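Asks: sequence and predicted structure are below.
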There are 2 protein chains.
Amino acid sequence: MGEAEFLTNYNPTQYERPSVSVDLILMSVVEGAPSALLIRRDEHPQLGQWALPGGFVAIDESLDAAARRLLATKARMDDAYVEQLYTFGAVDRDPRTRIISVAYFALLPPARFAAALKAAPELTLAELVVAWLGEAGGPVTACSADGEALPLAFDHADMLGLAVLRLRGKLDYSDVAFALLPGRFTLRALQDVHEAILGERLNKPAFRRRMLDSGRLEATGERETGASFRPAELYRRRAAI
Amino acid sequence: MGEAEFLTNYNPTQYERPSVSVDLILMSVVEGAPSALLIRRDEHPQLGQWALPGGFVAIDESLDAAARRLLATKARMDDAYVEQLYTFGAVDRDPRTRIISVAYFALLPPARFAAALKAAPELTLAELVVAWLGEAGGPVTACSADGEALPLAFDHADMLGLAVLRLRGKLDYSDVAFALLPGRFTLRALQDVHEAILGERLNKPAFRRRMLDSGRLEATGERETGASFRPAELYRRRAAI
DNA sequence: ACCCATATATGCAACTCGCGTCTTACTTAT
DNA sequence: ATAAGTAAGACGCGAGTTGCATATATGGGT
């Protein structure tokens, strides 16, 4: 029997299969705090709890495509930095049935984050409060704009915590910070993003030198306007080598 | 309708679901080279190609449990350092049907690696040849003991490449190297593991100082035996704080 | 007893990074 | 017009780290 004939005769229904979903963590840095967009569940299970936008993976759709589809349908957005985070597969993580969920995160600059929030009224802005330091890891809590905690559905607090942990780890050897900023930005804004993700203050001259020496930035010669003090120079990300 | 009633009435068969499998990368460092254990496929599809040991995830089994089950059944091993790597979900990655595969890697000290190879005769030792430097990433090739390339099935070359990339990244801020060594080891052996994973030579005194200063090591006072030269001191991993 | 190979220790120079401080530039109020 | 205030951006010092070179210790073989 050749391979083609084998495939014709293959019966794919011999195992009981779990459902597979993708959950999307839409992240940004808003007013100095890492933030995400959540949806209040309006049906069972866990009605009234807050959840990440998600959906089942279609049978003819790759995981990456499912994540991009969620970005388009839930956030009305056609491109962003999207990265697979981790796959959550505890048996009882969803009370309906066995659902394995592949978590992705998308990083948005604040303007596009606000646009998504406006275009998709079911999304709610939540500030992520990280109770642990450094690379300790663990779940995080989500707070609404008026400061009250939003109870998170399923294992979504773990997903958000892992997203923050991943960002902290990648911050200083990758370009993730730039995905959280507009195309042109000041060094102060870049430092604000770093401080928000890391949850700690950084020394300004040291940060400045580190960034300029890294070779990942390019001065534009333009300057910020409208400030009532010395305007900062605008930089842009230098294309990778 | 309350949540309990909702769950009773929930119909989990309304979506067509992909199959979910776990592939396990059994890794070690053998004679100064990163290595993995492969199985020659004895049935279609991709008959005769070399693949990672894997299996479908049972409906009542978590992903982590599936990985541990593979470790037990395929490598006859009851514990090891096991970590989830990435989930591969391209639509056409398996010609049989839609199979999403969650890749895990297990790190074994050489002695346990050899024991697994002996206990499970279907496993074959393959040396991983990494064609890229640093954190560039990409697929790797597998070579048998006599140096010939083993053609890899499905996307398993990408999985192995990603495993090497992950190890390179975690080497100097985590304890993964210790998982590739026996309980007591010399600094020379530790450096050999680092050099094999990184694919480059390291400066000995600097490496030595860096490791001892890191506080993750503990001298045992014992010494290596059987060497025809000055025997090195044996160290062990210091338990995390 | 001597030699040799290797482990282990020490010393030095270059580099990096954090931090305090000083200067510069721009707006606004008087 | 001028002074005050604020934040950007530059400079320099000191601590810590890393790589390289060299010296010493150790144990087995001849």
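Replies: In hand now; what should we look at? Numbers count the residues shown, from 1 in each chain, chains lettered A, B, ... in the order given.
Asks: and A:Asp78, that one's in a strand?
Replies: No: with the criterion set as DSSP: H, G, I helix; E, B strand; the rest coil, the secondary structure at A:Asp78 is coil rather than a strand.
Asks: nearest residue to it other than its sequence neighbours?
Replies: The spatial neighbour of A:Asp78 that comes closest, neighbours along the chain excluded (Cβ to Cβ, 6 or more residues apart in numbering or on different chains), is A:Ala72 at 6.1 Å. Every C-beta, even on glycine, is put in place using the N, C-alpha and C of the backbone.
Asks: same question, A:Ala33
Replies: In space, A:Ala33 comes closest to A:Glu127 once its chain neighbours are excluded; the distance is 4.7 Å by Cβ to Cβ, 6+ apart.
Asks: pLDDT value on the one you found, please?
Replies: The predicted local confidence for A:Glu127 comes out at a pLDDT of 97.
Asks: got the angle between the lengthiest helix in chain A and helix B:156-170?
Replies: Across chain A, the longest stretch assigned as helix under DSSP state H is helix A:156-170. Here helix A:156-170 runs at an angle of 70 degrees relative to helix B:156-170 (axes from the mean of the first three to the mean of the last three Cα atoms, to 10 degrees).
Asks: the helix or strand following helix A:156-170 close to DNA strand D?
Replies: Sequence order places helix A:187-198 as the next helix or strand after helix A:156-170, per DSSP states H and E. Yes: applying Cβ under 7 Å from any atom of the strand, one finds helix A:187-198 touching DNA strand D at A:Leu187, A:Arg188.
Asks: partner residues bridging the most centrally placed residue in chain A?
Replies: Within chain A, one residue has its C-alpha closest to the average C-alpha position: by Cα atoms, centre = their mean, that is A:Phe105, at 3.2 Å. Beta bridges link A:Phe105 to A:Ile25, A:Glu83 when assigned by DSSP bridges.
Asks: ok, how many other residues are close to A:Arg184?
Replies: Using other Cβ atoms under 10 Å in any protein chain shown, A:Arg184 has 14 other residues around it.
Asks: the residue nearest to A:Asp78 - that's part of a helix, no?
Replies: Yes: looking at A:Ala72 with three-state DSSP, it is inside a helix.
Asks: and the strands in chain A, which stretches?
Replies: Across chain A, reading from the start of the chain, the strands by DSSP state E fall at A:19-30, A:33-40, A:50-51, A:54-56, A:81-88, A:99-107, A:123-129, A:141-143, A:149-150, A:217-223, A:233-237.
Asks: dump the last one to CSV, restricted to CA.
Replies: These are the backbone C-alpha positions of strand A:233-237, laid out as CSV (Å, rounded to 0.1, in the frame of the first residue of the first chain):
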residue,chain,number,x,y,z
GLU,A,233,13.6,64.2,19.8
LEU,A,234,11.5,61.6,18.0
TYR,A,235,13.1,58.3,17.3
ARG,A,236,12.0,55.4,15.2
ARG,A,237,12.9,51.7,15.2
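Asks: and it, anywhere near DNA strand C?
Replies: No: when contact is scored as Cβ under 7 Å from any atom of the strand, no part of strand A:233-237 falls within range of DNA strand C; the minimum is 10.2 Å.
Asks: and DNA strand D, which of the strands of chain A is closest to it?
Replies: Go through the strands of chain A one by one with Cβ to the nearest atom of the strand and the one that ends up closest to DNA strand D is strand A:233-237, at 3.1 Å.
Asks: do the closest one and DNA strand D meet?
Replies: Yes: for a cut-off given as Cβ under 7 Å from any atom of the strand, strand A:233-237 has contacts with DNA strand D, namely A:Glu233.
Asks: A:Leu160 contacts A:Gly137, correct?
Replies: No: look at A:Leu160 against A:Gly137 with Cβ atoms under 8 Å: they stay out of range, at 11.6 Å.
Asks: A:Arg238 contacts A:Arg216, doesn't it?
Replies: Yes: with contacts counted by Cβ under 8 Å, A:Arg238 reaches A:Arg216, the gap being 5.7 Å.
Asks: what about these two, which has more around it?
Replies: A:Arg216 (17 against 14).
Asks: show me the contacts for that one.
Replies: Contact partners of A:Arg216, counting by Cβ atoms under 8 Å, 6 or more residues apart in numbering or on different chains, are A:Asp175, A:Phe178, A:Arg237, A:Arg238.
Asks: in ChimeraX, select just the buried ones from those residues.
Replies: Applied in ChimeraX, the following selects the buried portion of the contacts of A:Arg216 according to 16 or more other Cβ atoms under 10 Å in any protein chain shown:
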select /A:178,237
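Asks: turn the contacts of A:Arg216 into CSV, columns for pLDDT.
Replies: Below are these laid out as CSV (pLDDT from 0 to 100):
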residue, pLDDT
A:Asp175, 89
A:Phe178, 95
A:Arg237, 92
A:Arg238, 87
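Asks: okay if I get the contacts of A:Arg216 as JSON lines plus distance to B:Val30?
Replies: Formatted as JSON lines, the entries for the contacts of A:Arg216 read as follows, by distance: Cβ to Cβ, whole Å:
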{"residue": "A:Asp175", "distance to B:Val30": "36"}
{"residue": "A:Phe178", "distance to B:Val30": "40"}
{"residue": "A:Arg237", "distance to B:Val30": "42"}
{"residue": "A:Arg238", "distance to B:Val30": "41"}
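Asks: and of the contacts of A:Arg216, the nearest to DNA strand C?
Replies: For these, the nearest to DNA strand C is A:Asp175 (16.5 Å; Cβ to the nearest atom of the strand).
Asks: stretch A:149-156 vs chain B: in contact?
Replies: No: Stretch A:149-156 lies out of reach of chain B by Cβ under 8 Å from any Cβ of the partner chain, never closer than 11.6 Å.
Asks: so for that stretch, what's the average pLDDT?
Replies: In the prediction, stretch A:149-156 has an average pLDDT of 97.
Asks: can you give me the buried ones in stretch A:192-204?
Replies: Of the residues in stretch A:192-204, those buried by neighbour count under the rule 16+ other Cβ under 10 Å are A:Asp192, A:Val193, A:His194, A:Ala196, A:Ile197, A:Leu198, A:Gly199.
Asks: the second one: what's it in contact with?
Replies: Right, the one you point to is A:Val193. Counting by Cβ under 8 Å, 6+ apart, A:Val193 touches A:Val29, A:Ala177, A:Leu180, A:Leu181.
Asks: now do the contacts for the nearest residue to the last one once chain neighbours are set aside.
Replies: Spatial nearest neighbour of A:Leu181, excluding adjacent residues (Cβ to Cβ, 6+ apart): A:Pro109 at 5.6 Å. A:Pro109 makes contact with A:Ser28, A:Ala179, A:Leu180, A:Leu181, A:Pro182 under the criterion Cβ under 8 Å, 6+ apart.
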